[in-house]
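Enquirer: give the three-dimensional model of this entry:
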Amino acid sequence: MNRIFGVLVAVGVPLTVLGSFQNWPSIAMFFICSISVVALSSFMGRATESLAIVSGPRIGGLLNATFGNAVELIISIFALQAGLIGVVLASLTGSVLGNLLLVGGLSFFLGGIKFKRQMFNVHDATHNSGLLIFAVVVAFVIPEIFSMTMNETETIQLSVGISVIMIVLYLAGLFFKLVTHRGVYNHADVAQDSEHEEPEWSKKKALIILLVATLIVAYVSENLVHTFEEVGKQFGWSELFIGVIIVAIVGNAAEHASALIMAMKNKMDVAVEIAIGSTLQIAMFVAPVLVLISLFMPQQMPLVFTVSELVAMITAVFLAINVMNDGESNWFEGLTLLAAYLIMGIGFYLL
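Expert: A predicted model of the protein is given here:
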């Protein structure tokens, strides 16, 4: 499988470069770029696994989420420059839904088929649950409600204020997990397993591969963004569907692949950290950063989602919390999360 992904990268990236210079049709470029991003994500997944063994599940999962969300951030910045604010907000929604329901669901489902009962750190799950409720239910709903009686300038000001608070709280949360309380709530079984496992790559090599893969994905993603409008017309996809489903899946392919690999190896602490940690990073860091970056763009982006996007995210958060808060998972819980994702996907397609 690794050879296949290597071949796809070796073929897909040069074709992307060639196609961008020769102005190939948008549909051809869309599929070439999408396949290239997914193939590159396999290398990011292997690098993450090596880092998780060397540095522990929290740091490994955080690094994977950070490098993976860098792709999402880059795609969104290019979309902001193109004035596609609806696509950006929809892609943020899709990332939340994709990480919690699709990644979490597939991880629980595939891991649960191989292992009847999988365990992960219940303390981390409980801690993350509180942050998820804050990020989505509090910080995303407040701008939606208050903006109803505000003008555009006041809505932007409110969005900026909330964005700064969210970034500060997110950084404080990292300081809590990685500095003041690092090792306090470690999962003993995972620590024992990691001691007897050798990483595929050294820490330095894994970091270099993560960095290089992210840079290449950034280039491919820029070309991918330019295909959205034409592909949407050809397939009858709305701007909302492209953002919630297509951009979110392609932009977060790295986390998707890594979490599934971890779950199949019964490393649920890493898989859950990737799914939840990536969601928190999107909601509490990437989204606020995009709001601040948009201040320097021709068109500013308020932190105001549509009602359908908000309802979908809130539903996903409470369903994920209910499933994950016991520190155990099985294939049926994974199937439940996947079913919720499919239902929402159908809804967004038909909107």
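Enquirer: could you find the closest non-adjacent residue to Met150?
Expert: Nearest residue to Met150, sequence neighbours excluded (Cβ to Cβ, 6 or more residues apart in numbering): Leu158, at 6.8 Å. All C-beta atoms are positioned from the backbone trio N, CA, C, and that covers glycine.
Enquirer: that neighbour and Phe146, how far apart?
Expert: 6 Å (Cβ to Cβ, to the nearest Å).
Enquirer: let me know the pLDDT of the residue nearest to Met150.
Expert: Leu158 is assigned a predicted lDDT (pLDDT) of 93.
Enquirer: next, count neighbours for it.
Expert: Using other Cβ atoms under 10 Å, Leu158 has 18 neighbouring residues.
Enquirer: pretty sure it is touching Ile145, no?
Expert: No. Using Cβ atoms under 8 Å, Leu158 makes no contact with Ile145, being 10.5 Å away.
Enquirer: the helix or strand where Ala206 lies - what's its average pLDDT?
Expert: According to DSSP states H and E, Ala206 maps onto helix 203-225. Across helix 203-225, the average pLDDT comes to 82.
Enquirer: could you number the chain from 606 rather than 1 from now on?
Expert: Done: numbering now begins at 606, and the last item shifts to helix 808-830.
Enquirer: what does it rub up against?
Expert: Helix 808-830 has contacts (Cβ atoms under 8 Å, 6 or more residues apart in numbering) with 617-618, 621, 624-625, 634-635, 638-639, 641-642, 645-646, 648-649, 651-653, 655-656, 659-660, 668, 672, 675-676, 679-680, 683-684, 687, 689, 804, 806, 855-856, 859.
Enquirer: now, of the residues you listed, which are buried?
Expert: Among the contacts of helix 808-830, those classed as buried by 16 or more other Cβ atoms under 10 Å are 617-618, 621, 624-625, 634-635, 638-639, 641-642, 645-646, 648-649, 651-653, 655-656, 659-660, 668, 672, 675-676, 679-680, 683-684, 687, 689, 804, 806, 855-856, 859.
Enquirer: give me the subset of those lying in helices.
Expert: Among the buried ones among the contacts of helix 808-830, the residues falling in helices (DSSP state H) are 617-618, 621, 624-625, 634-635, 638-639, 641-642, 645-646, 648-649, 651-653, 655-656, 659-660, 668, 672, 675-676, 679-680, 683-684, 855-856, 859.
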